[in-house]
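Asks: Sequence and predicted structure below; questions after.
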Amino acid sequence: MNILFNLPQVFVLLPLIFLFIAALVPISIKVTGANLSHNFITIEVLLGILLSIVSIFVFSSQQSLILFNSLKLDDIVEYSAALVLVSLFVSILFLKNNQSFTAHQFEEKIFLLLNSAIGLIIMLWANDLLLMFIGLEYASLSLYILILLSKNSSFSKEAAIKYFLLGSFLSVILLYGLSFIYGSVGSLYFSELLSVSHNIFSMSRLFSLGILLVFAGLFFKVAIFPFHFWLPDVYEGAETAVVSFMASSFKLVIFIILLKLAYLDIAFGPHGQSLLNIFEWMSALTILIGSVAALKQTKLKKILAYSSIAHSGYLLIAVIVAMREESSYALMSSLYYLLSYCTLTVAAFGIVSYLEQCKLQNNLDKNNTSDEDQEPVLLVSDLKSLLYTKPALSVSFIIVLLGLAGLPPTFGFFAKFLVLLSALNEQMFWLSIWAIIGSIISLYYYFKPIISMCSLDNDKLDTVFLKKDSTKNIFWNKTHLFSIVVLAFLSISLGFFSQDIIEFLSQISNAFIEYKI
Amino acid sequence: MSLSLLIFFPLIGIFLSFFVPSLYGKRIVLFSTAVIEFLLSVKLLFAFNTQTAALQFVEKQEWISSFGISYFLGVDGLSIGLVLLTSFLTLLIFIYSWKKRELSFLSAFLILELALMGSFLSIDAILFYIFFEISLLPMYFIVGLWGGERKIYASYKLLIYTLAGSLFMLLGIIYMMNLTKLELGNFSSNLLDWYKLDIPFIAGTLFSTQSLLFFIFSIAFAIKIPLFPLHTWLPDAHVEAPTEGSMMLAGLMLKLGVYGFFRFVLPIFPEASQYWGWLFIFIGVLGIIYASLIAMVQTDIKKLIAYSSIAHMGYVIIGLFSFNIFGLTGAYYQMLAHGITSSALFFMVGLIYYKTKTRQIKDYGGLASVAPYFSILFFIFTCASMAVPLTSGFVGEFLILIGAFKLSPIIAYFAVLGVILGASYMLILYKKVFFGKISTLYKDTSLNLDLCLKEKYILVILAVVVFSMGIFPQIFLKYSNISLQHLNKNYQNYNLSLEQENK
């Protein structure tokens, strides 16, 4: 199959090119010494992202393998890339609003954020596993620096160093695993790995080891149990708007990769079974850690960080189901879960970043000192009586937290329902019971902020948050609030349209599975 | 007559209240929502056909058709009484507190009403589950925001205890859906499909599919009822809940669990429920005696009544699992009667607590001479709670005891113990609070402890219901009779037909 390098195939890359140009413009103008207004930069970048989203669908290739088989496009990855860009879009809105106070290095942050998205999209589209690795490193490196830039406190330095050291260590392990796979199969092209009979896989101990190492490297990025220690610290140290991008898109992309790898039939044969056992334990322990460790936390961001770990565990259940069965249920339900998780997470961190900004402004107004450049730490007790000062925001937050807890009638409930349905369909009782126990425990910390927001305490009404919204930059503030409300509305209403979403997702996942056969 | 309107009307009312400018206007809108909702349910009652066990006023709409989940509503003899009880109690609560409480408090009750109506009327398991869980949220806020001193603790206990049961029930529901896929060829959460299933059952072992599913569902509902070893959330929730919350909790939330047994457990798992019935009867008897003994030593009036609720619910369980028409009818009747009696008692305790700020029995005494009307009405409800003949409590307990006697006289002997104990703790309470030396608490003060006109109205209405339920049980039973007989005759191959809407 000799595919020539031709122009339509380059068009497929246009989304990435648009993104890169959009990222490059502000920083190169800054280098020349000119001073652009941040409003202009934001609008330019947002337009770039929109253009990029549009071009994904306009120039989507008819062929699936392009550019010397290095990229493999199908509906799932195109749709996921669009989702990454949407979450990038929303995160930049959040970032812009927060920047009105800590207005340094905005151009650099934008540049790194967009480049991270480029890395993620490369990773999604890669057919060559080595290219996937490069995409992963590209995205991660941007994030390391981004976390370092976040603020002046030592928290972010610590977080960045921690993330960087552990991250590069696990990347090397991933690369090592790839070398095993290459050694046993002779190819790193995903499309070729798919077409090789699964007997070869299961017989080869080397291949199983390679897969284990690759999975370890990927698991690190989504904080599955033994590799989860970095996540709470990093989320705490990083700027919240950045976290909302990181927590949603990074997880989305890595799980799409994991699902793709799951369809390599690695679960068959003696080694495959022991691999599955290991993954099942990892998933159970991840859910447990994510649920139990957050119980004692008082910082809102840490609670959300642990909840993100627990959600990784639920998603891993879906991946395990996908490894065990051939049908498209598992793939569909995990895509559904990812969709709902991304909506809820972006909204949750968006709300936290909004509140942090309110608290910061309040601190500034009180002290009149300009050196308080740091993002303030938001405690659960700060939320007291928020419902009575900021009703729209609080109602959104309540909806989002209920969604993360998986209670009906939110989007999160239907997602959890579908994952459990596909798990029980595969007779995985043990793991489903763990999932239920985890979600019972986690109810406690999801309801802590809720009850705090609703309880009326007249002394606290004006102390933590200003009654009125920030006076500076009203437009971006309103946009931030508006996007939060829209996301919360989506997370309560999308569940009712599950049938349409399920049909759409089944369609794209069937296309993926048919390709394999 | 549309059931959807009946379910979602409270939401429309809340929505309309946003557009009314004045606070008083908003209150009026919310209040009239409760009134209209009650009128709607009365209209449903009149349109209800008592001659058939079929589902009436059916509404069916495909929802998530890939997994056989539909928006499927219907009413039959099992749910009509509860629907009416829901709107009736909500109306009484609104009459009492529509001027006093915050708007959010009133809205929480309307949402609770919505969720309860939805759970009683849905014939689809997932739809039922969604309403079942939603009903918990307003209750959580009612206890957690407007409750007493330990409200946070009590609300968490309520939330986590009941959700723990119902989340496991979600697993059960999903497993049932997988079974429909195996046996009928496609996923379905429709209860009518579930009734058709033949779930594998092996006597003698817990680890057969039907027994396990039976226990998953029963435990979820037993927590809600609450059955004896799973009851510990209830006293805390009752003590901390505001008066209206207690009324709703005792009057309706507990009935959700009983309704679950009627609608889900008995018809879907007939072999398992007959096989394991003895266990539930044993626990029921144990629960009656245990809760009665605990109630005797309570120092807090509200806690005493909470424990009496647990004892009464023990009777319901005995009636359910005695598998004859007397037991079933008795359980159903006891459920309705307890809804009226216990909410009336909680209401009265709330009234007196509001004025004296104490619920300790030792602080009271001689109330009869200070508040005569209050004492008379309290005595009526005490009698109803003790199952004195001519009151509502008697009919239900009597039928349950007949049912239990038919099953095995020994059970009836032990269950009768509960009647004696019940009389003793209620009478001890009445003696200590209303007779004896006049307490210093209100001896010298000019506190008007007696009922005001509005409270009299509410309580007299409740007392009339109590007496008419005791004297003319047929009026109330005729709505559910056919359905209960249908259930009793067809445990093994239970099914419901659909009746087209009669114009």
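Replies: Good, I have the coordinates. Residues are numbered from 1 along each chain as shown, chains lettered A, B, ... in the order given.
Asks: Around the residue of the stretch 251-400 of chain A found nearest chain B, how many other residues sit close by?
Replies: Residue nearest to chain B within the stretch 251-400 of chain A: residue A:387 (8.4 Å; C-beta to the nearest C-beta). Quick note: C-beta positions are derived from backbone N, CA and C, even for glycine. Residue A:387: 21 surrounding residues under other C-beta atoms under 10 Å in any protein chain shown.
Asks: quick one: the closest residue to it other than its chain neighbours from residue A:388, how far?
Replies: Closest residue in space to residue A:387, ignoring its immediate chain neighbours: residue A:394 at 4.3 Å, by C-beta to C-beta, 6 or more residues apart in numbering or on different chains. Residue A:394 sits 8 Å away from residue A:388, going by C-beta to C-beta, to the nearest Å.
Asks: again with residue B:144
Replies: Where residue A:388 is concerned, residue B:144 sits at a distance of 16 Å (C-beta to C-beta).
Asks: Where does pLDDT dip in the stretch 1-150 of chain A?
Replies: By pLDDT under 70, the weakly predicted segments of the stretch 1-150 of chain A are A:1-8, A:61-63, A:100-103.
Asks: do that again at 80, thanks
Replies: A:1-10, A:33-36, A:59-69, A:98-104, A:150 (pLDDT under 80).
Asks: Could you do chain B as well?
Replies: For chain B (pLDDT under 80), the answer is B:1, B:439-449, B:492-493, B:499-503.
Asks: May I ask you to name the longest strand in it?
Replies: Longest among the strand segments of chain B by residue count, using DSSP state E, is strand B:56-64.
Asks: quick one: that one near chain A?
Replies: Yes - counting by C-beta under 8 Å from any C-beta of the partner chain, chain A has neighbours in strand B:56-64: B:62, B:63, B:64.
Asks: Can you select the buried ones from those in PyMOL?
Replies: Buried residues among those (16 or more other C-beta atoms under 10 Å in any protein chain shown), as a PyMOL selection:
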select buried, chain B and resi 63+64
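Asks: before we move on, what SS does residue B:179 have?
Replies: Put simply, residue B:179 is helix when judged by DSSP: H, G, I helix; E, B strand; the rest coil.
Asks: got the contact list for the closest residue to chain B within the stretch 301-450 of chain A?
Replies: Closest to chain B within the stretch 301-450 of chain A is residue A:408: 4.1 Å, counting by C-beta to the nearest C-beta. Taking C-beta atoms under 8 Å, 6 or more residues apart in numbering or on different chains, we find residue A:408 in contact with A:495, B:129, B:130, B:133, B:134.
Asks: now do residue A:423
Replies: For residue A:423, the contact set (C-beta under 8 Å, 6+ apart) comprises A:317, A:318, A:320, A:321, A:431, A:432, A:435.
Asks: can you count the residues close to the fifth one?
Replies: By that I understand residue A:431. Per other C-beta under 10 Å, the neighbour tally for residue A:431 reads 24.
Asks: and what of the last one?
Replies: Neighbour count of residue A:435, defined by other C-beta under 10 Å: 25.
Asks: swap in the second one?
Replies: Neighbour count of residue A:318, defined by other C-beta under 10 Å: 30.
Asks: host element of the spatially closest residue to it that is not a sequence neighbour?
Replies: The shortest distance from residue A:318 to any non-neighbouring residue, by C-beta to C-beta, 6+ apart, is to residue A:334 (3.4 Å). Per DSSP states H and E, residue A:334 falls inside helix A:329-367.
Asks: got it, and residue A:427?
Replies: Using DSSP H and E, residue A:427 maps to neither a helix nor a strand.
Asks: hmm, back to that, tell me the helix or strand right after the longest strand of chain B.
Replies: Once the chain leaves strand B:56-64, the next helix or strand it forms, by DSSP H and E, is strand B:69-75.
Asks: Chain A against chain B: which residues are in contact?
Replies: So far as C-beta under 8 Å from any C-beta goes, chain A lies against chain B at A:402, A:407-409, A:413, A:417, A:420-421, A:424-425, A:432-433, A:436, A:439-440, A:443-444, A:447, A:451, A:454-456, A:498-499, A:502-503, A:506.
Asks: Any of those buried? List them.
Replies: Among those, those buried by neighbour count (16+ other C-beta under 10 Å) are A:402, A:407-409, A:413, A:417, A:420-421, A:424-425, A:432, A:436, A:439-440, A:443-444, A:447, A:451, A:454-455, A:498, A:502, A:506.
Asks: isn't residue A:81 right up against residue A:56?
Replies: Yes - using C-beta atoms under 8 Å, residue A:81 is in contact with residue A:56, at 5.7 Å.
Asks: Looking at these two, which one has more neighbours?
Replies: Comparing residue A:81 with residue A:56 by other C-beta under 10 Å, the one with more neighbours is residue A:81, at 28 against 22.
Asks: pretty sure the more buried one is in a strand, no?
Replies: No - counting by three-state DSSP, residue A:81 falls outside a strand, being helix.
Asks: And it, how far from chain B?
Replies: For residue A:81, the distance to chain B (C-beta to the nearest C-beta, to the nearest Å) stands at 26 Å.
Asks: Neighbours of the closest residue to that residue other than its chain neighbours, how many?
Replies: Using C-beta to C-beta, 6+ apart and skipping residues adjacent in sequence, the residue nearest residue A:81 is residue A:121, 4.8 Å away. Residue A:121 sits with 28 neighbouring residues when counted by other C-beta under 10 Å.
Asks: follow-up on the earlier one: so who does the residue of the stretch 251-400 of chain A closest to chain B touch?
Replies: Counting by C-beta under 8 Å, 6+ apart, residue A:387 touches A:394, A:395, A:453, A:454, A:456.
Asks: For it, pull up the helix or strand it's in.
Replies: Going by DSSP H and E, residue A:387 is in helix A:386-389.
Asks: Specify the angle between the following helix or strand past that helix and helix A:329-367 in degrees.
Replies: Counting by DSSP H and E, the element after helix A:386-389 in chain order, helix or strand, is helix A:391-405. Put simply, helix A:391-405 runs at 140 degrees to helix A:329-367, going by axes from the mean of the first three to the mean of the last three C-alpha atoms, to 10 degrees.
Asks: tell me which parts of chain B are close to chain A?
Replies: Checking chain B against chain A by C-beta under 8 Å from any C-beta, the hits are B:62-67, B:126, B:129-130, B:133-134, B:137, B:140-141, B:144-145, B:152, B:155-156, B:159-160, B:163-164, B:167-168, B:170-171, B:174-175, B:177-178, B:181.
Asks: Now restrict those to buried residues only.
Replies: B:63-64, B:67, B:126, B:129-130, B:133-134, B:137, B:140-141, B:144-145, B:152, B:155-156, B:159-160, B:163-164, B:167-168, B:170-171, B:174-175, B:177-178, B:181.
Asks: Which members of those are positioned in helices?
Replies: Judged by DSSP state H, these include B:126, B:129-130, B:133-134, B:137, B:140-141, B:144-145, B:152, B:155-156, B:159-160, B:163-164, B:167-168, B:170-171, B:174-175, B:177-178, B:181 as members of helices.
Asks: What is the helix holding residue A:334 packed up against?
Replies: Contacts defined by 3 or more C-beta pairs under 8 Å, 6 or more residues apart in numbering or on different chains; DSSP states H and E place helix A:329-367 against helix A:75-99, helix A:240-245, helix A:251-262, helix A:300-324, helix A:391-405, helix A:411-425, helix A:474-493, helix A:498-516.
Asks: coming back round to it: now for the residue nearest to residue A:81: which residues touch it?
Replies: Contacts for residue A:121 (C-beta under 8 Å, 6+ apart) come out as A:15, A:16, A:19, A:81, A:84, A:85, A:135.
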